[in-house]
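>>> Here is a sequence together with a model predicted from it:
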2 protein chains.
Amino acid sequence: MLKNGMVVLGEPMEAVESVAFGFMLPAGTACLPDGCCGASNVIADWIFRGAGDKNSRQLSDAIDGLGLVRGRSVGSSHISIGAALESGNLAEALDLYADIILRPSLKDDQFELARQLAIDEVLSLDDDPRHKVMLKLREQFYPSPLGRSTVGDIEELKALTAHISRQVVKDKFNLSQTIFTVAGKYDFDTVCERIEGLFESEQQKSVESVTLDPKQGKYTHIDNNGAQVHIGLMTGTVKPADEDYYNARVAISVLSGGMSARLFTEVREKRGLCYAVGARYHGLKQAAGVMCYAGTTPDKAQETLDCIIGEFNRLGEGITEDEITRAKVGLKSSLILQSESSSSRAGAIGSDHYILGRVRSLDEIKDKIEAISVDSVLAFLRANPFGEFTVVTIGPKQVSVE
Amino acid sequence: MLKNGMVVLGEPMEAVESVAFGFMLPAGTACLPDGCCGASNVIADWIFRGAGDKNSRQLSDAIDGLGLVRGRSVGSSHISIGAALESGNLAEALDLYADIILRPSLKDDQFELARQLAIDEVLSLDDDPRHKVMLKLREQFYPSPLGRSTVGDIEELKALTAHISRQVVKDKFNLSQTIFTVAGKYDFDTVCERIEGLFESEQQKSVESVTLDPKQGKYTHIDNNGAQVHIGLMTGTVKPADEDYYNARVAISVLSGGMSARLFTEVREKRGLCYAVGARYHGLKQAAGVMCYAGTTPDKAQETLDCIIGEFNRLGEGITEDEITRAKVGLKSSLILQSESSSSRAGAIGSDHYILGRVRSLDEIKDKIEAISVDSVLAFLRANPFGEFTVVTIGPKQVSVE
């Protein structure tokens, strides 16, 4: 950790030639002042349009000149920017990212272009109902502002100014709340020294925490005349820091962890209700849920929804040893594959630190999964039954939600 | 290679714990008899619904019990099925896949379910115009049957029977044309022995080659009342086996290889015409092209198309040293990252063998990229100028194509 509070995390990986790094900047959508939903998305573009002594063009040239395979994502809590690259170019890449984070040009004309692209991205969601239904579901499920759209709100984007956005960068790009991660092939001491030289500054104030409003409605329908009904549903469960977290993960894998999982076999394989159905854990620091998607035809929409909710409710009634074993094998298998990607590891250690305040080792996670049993999952489900469902549909036909 | 002609390829990777394998079965959409477009998609589902002495449920349980992270794709030439997994379970996984390929149950009731899901998938494309435009583009660009939809044709799927599909499996699952690949942590001799034991059989006849019809039309518009105009365009270039292949790849990277590439800077960053634009090389064994997508608003559609075609045409007029250097760095960087994923490598060596008749080493590819220069790319473009464009649009407004 630097004196200003910025956290530096690294995970060495043997026998890879690449390295991945990321900066988690505490300027996600839930951190924004009211009335500028979409500003995070605009800013994540704008800061790359010139920084330090480079204009937009020169900066793009420099980034591509180092062979960076860039990643950029906007979440509830953070704007995450980073890249994977050949390890030899890491030092130069960090120099560029220090400019982007600390000295972005933030010119007015570049703001307009970034804002216009963000508006177009919101408009394009009308042609991508599967994505749109999940954005709306997060908005309805999480207490505001946690679930704010990461793409943006069209009216608020139209009203957004360069002046306000510049102020957001100034207020929110707070190094004391920033997490830097690196994974792959690198020398930790060298990286730490470089990061210190680039980012060390005076102690900064911590960011104020957000206050949460109650959840939104229980059922929302968005009418369109498309071919399908897109169903998103979500129900609350334990947070990532909870001691029952792995019980929740295994329970969800029994529902939706593979070909043999219940949603896939009941909804897709046996009844042929839809070709796409799945549920996964979705956790923020302050709240978490099981997030489920199904795309189906209008005449099968009600049966699909009822069948999915039925499987959720049936889960607590009994689970076989075999189901638990398969769920555990599946989770461990994904973990092994994830552990071999430098980008995945850089993301995972940052997220661990933000949510848990520490980084879990792969062995710790394996042991935790290993310890789960039929009894522990059933006890968890009795203590934490799946309660109220938040449902969003997009399509030509509504469903009824009990 | 087995005595029956089946090819076995392996690439060991140091210090990974996972292994990935794949079977390329010569039953892709271009290999189908006329009138059953979509059968490959149905078959890729159907063969997993019971095989050997296991019914559908038991087979799913067994696959998940080994922790397989499955991959399945339908292409022009092949149905590819495979998985990534912990290396200790490889032998058992191969046993299951031998059943799936050689002894699938192919029951009538399971066929109906698989066919219905395939029909739903075709219908769902109406809600996914970005995907739909690219499928249509391939159909229009490639000489028939190479570009046939990998999802399927709705009328032909409705008429498809279990009897015909069973015949396709019998005729096309030809081991003499099948490629098996494995990459990651495994013992090559052990794997070869197992594959031999499972798949060795009498010499089989080779599959007849397909005859090609001329290309379809130059411009196709599909009207919908969505928010955006989705533009797909494609122009022919050299095939993967051509000696100028890497000149083509570098040329396309100058157009669309990163933030500093021409399409991104001209269409997106400077003019703000659309937030999504990109071009990539798309190669089959028999034909290849540069495939380009842009999603934009109706009022900017014509300008976007004109601007993209302008950039294609302008490319031959001059390229800077810096552009070529960045394009080369970008391609090498992607190559390094790809080389660290067992699934990517298993896919790449199979595709190499099918298209080139041999596997390129990573060093060979690096050397080939290294040898490219401004002069070699310009000479390539003079000899192979981008000619006629095939254009497909989906949206509320047509464009005009010269």
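Yes, it's here.
>>> Just list the residues touching the residue nearest the centre of chain A, thanks.
By C-alpha atoms, centre = their mean, chain A has its centre lying nearest to A:Gly75, at 5.5 Å. By C-beta atoms under 8 Å, 6 or more residues apart in numbering or on different chains, the contact set of A:Gly75 is A:Gly28, A:Thr29, A:Thr150. Placement of C-beta: from N, CA and C, glycine included.
>>> pLDDT weak spots in the stretch 301-402 of chain A?
Filtered on pLDDT under 70, the stretch 301-402 of chain A yields no residues whatsoever.
>>> can you give me the helices for it?
Here the stretch 301-402 of chain A has its helices, by DSSP state H, counting those that start in this stretch, at A:301-314, A:321-338, A:342-356, A:362-370, A:374-383.
>>> what's the helix or strand A:Val133 falls within packed up against?
Element membership for A:Val133 (DSSP states H and E) is helix A:129-141. Packing contacts for helix A:129-141, counted by 3 or more C-beta pairs under 8 Å, 6 or more residues apart in numbering or on different chains; DSSP states H and E, involve strand A:219-223, strand A:229-236, strand A:288-296, strand A:389-395.
>>> Okay, buried residues for it please.
Neighbour counts over helix A:129-141 (16 or more other C-beta atoms under 10 Å in any protein chain shown) mark A:Pro129, A:Arg130, A:Lys132, A:Val133, A:Met134, A:Leu135, A:Lys136, A:Leu137, A:Arg138, A:Glu139, A:Gln140, A:Phe141 as buried.
>>> List the residues that contact whichever residue of the stretch 251-400 of chain A sits closest to chain B.
Residue of the stretch 251-400 of chain A nearest chain B, by C-beta to the nearest C-beta: A:Ser333 (3.2 Å). By C-beta under 8 Å, 6+ apart, A:Ser333 lies in contact with B:Gly67, B:Leu68, B:Val69, B:Leu85, B:Glu86.
>>> Now the second one. Nearest residue, chain neighbours left out?
Computed as C-beta to C-beta, 6 or more residues apart in numbering or on different chains, the closest residue to B:Leu68 that is not its neighbour in sequence is B:Ala83, at 3.9 Å.
>>> and the one you found, what helix or strand is that in?
Using DSSP H and E, the element containing B:Ala83 is strand B:79-86.
>>> chain center to that strand, what's the gap?
Offset of strand B:79-86 from its chain centre (C-alpha atoms, centre = their mean, to the nearest Å): 15 Å.
>>> Wondering if stretch A:339-352 reaches chain B at all.
Yes - Stretch A:339-352 reaches chain B (C-beta under 8 Å from any C-beta of the partner chain) through A:Ser339, A:Glu340, A:Ser341, A:Ser342.
>>> pretty sure the last one is touching A:Ser18, no?
Yes - A:Ser342 is in contact with A:Ser18 according to C-beta atoms under 8 Å; the separation is 5.3 Å.
>>> Mind listing the shared neighbours of those two?
A:Ala84, A:Gly184, A:Lys185, B:Glu340.
>>> quick one: low-confidence parts of chain A?
In chain A (pLDDT under 70), the answer is A:203-208, A:214, A:216.
>>> Around A:Ala383, how many other residues sit close by?
10 (other C-beta atoms under 10 Å in any protein chain shown).
>>> can you tell me which residues contact the closest residue to it other than its chain neighbours?
Distances taken as C-beta to C-beta, 6+ apart place A:Asp244 nearest to A:Ala383, at 7.7 Å, with adjacent residues excluded. Contacts for A:Asp244 (C-beta under 8 Å, 6+ apart) come out as A:Val238, A:Phe380, A:Ala383, A:Asn384.
>>> The last one touches A:Lys239, doesn't it?
No - A:Asn384 sits out of contact with A:Lys239 when judged by C-beta under 8 Å, with a separation of 11.1 Å.
>>> and B:Ala327, which of the helices of the stretch 301-402 of chain A is closest to it?
Nearest to B:Ala327 among those is helix A:342-356 (22.1 Å), distances taken as C-beta to C-beta.
>>> The closest one: which residues count as buried?
A:342-343, A:345-355.
>>> Count residues in the vicinity of A:Asp213, would you?
11.
>>> I misspoke; the intended subject was A:Glu193.
A:Glu193 - counted by other C-beta under 10 Å - has 12 other residues nearby.
>>> count of residues packed around A:Cys307?
A:Cys307 has 19 nearby residues by other C-beta under 10 Å.
>>> How about it, nearest residue that isn't a chain neighbour?
Counting by C-beta to C-beta, 6+ apart, A:Cys307 lies nearest to A:Val267, which is 5.4 Å off, once chain neighbours are set aside.
>>> what sits against that neighbour?
A:Val267 neighbours (C-beta under 8 Å, 6+ apart): A:Leu273, A:Cys274, A:Val277, A:Ala294, A:Thr304, A:Cys307, A:Ile308, A:Glu311.
>>> Enumerate the residues of the stretch 101-250 of chain A near chain B.
A:112-113, A:116-118, A:120-121, A:123-130, A:225-228, A:230.
>>> Which of those residues fall within helices?
A:Glu112, A:Leu113, A:Gln116, A:Leu117, A:Ala118, A:Asp120, A:Glu121, A:Leu123, A:Ser124, A:Pro129, A:Arg130 (DSSP state H).
>>> Just among the contacts of A:Asp244, which is most surrounded?
Neighbour-wise, the contacts of A:Asp244 (other C-beta under 10 Å) top out at A:Phe380, 23 neighbours.
>>> Spatially nearest residue to it, not counting backbone neighbours?
Nearest to A:Phe380 is A:Asn247, by C-beta to C-beta, 6+ apart, at 3.7 Å.
>>> and the angle from the strand or helix carrying the one you found to strand A:288-296?
Assigned by DSSP H and E, A:Asn247 falls within helix A:245-256. Here helix A:245-256 runs at an angle of 10 degrees relative to strand A:288-296 (axes from the mean of the first three to the mean of the last three C-alpha atoms, to 10 degrees).
>>> now helix A:245-256, how far from the chain's geometric center?
18 Å.
>>> ok and that helix relative to helix A:362-370, angle-wise?
Using the same axes, to 10 degrees: helix A:245-256 against helix A:362-370 is 60 degrees.
>>> what does helix A:245-256 contact?
So helix A:245-256 is contacted by A:237-239, A:242, A:261-264, A:277-281, A:290, A:292, A:311-312, A:315, A:319, A:323-324, A:326-328, A:330-331, A:368-369, A:371-372, A:376-377, A:379-381, A:384 (C-beta under 8 Å, 6+ apart).
>>> Could I have the CA atoms of it written out in PDB?
Below are the C-alpha coordinates for helix A:245-256, written out as PDB (Å, rounded to 0.1, in the frame of the first residue of the first chain):
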ATOM      1  CA  TYR A 245     -20.900 -17.700   0.300                       C
ATOM      2  CA  TYR A 246     -19.700 -21.100  -0.900                       C
ATOM      3  CA  ASN A 247     -22.900 -22.800   0.100                       C
ATOM      4  CA  ALA A 248     -24.700 -20.300  -2.100                       C
ATOM      5  CA  ARG A 249     -22.300 -20.800  -5.000                       C
ATOM      6  CA  VAL A 250     -22.700 -24.600  -4.800                       C
ATOM      7  CA  ALA A 251     -26.500 -24.300  -4.500                       C
ATOM      8  CA  ILE A 252     -26.600 -22.100  -7.600                       C
ATOM      9  CA  SER A 253     -24.400 -24.600  -9.500                       C
ATOM     10  CA  VAL A 254     -26.900 -27.400  -8.700                       C
ATOM     11  CA  LEU A 255     -29.400 -25.100 -10.400                       C
ATOM     12  CA  SER A 256     -27.300 -24.000 -13.300                       C
END
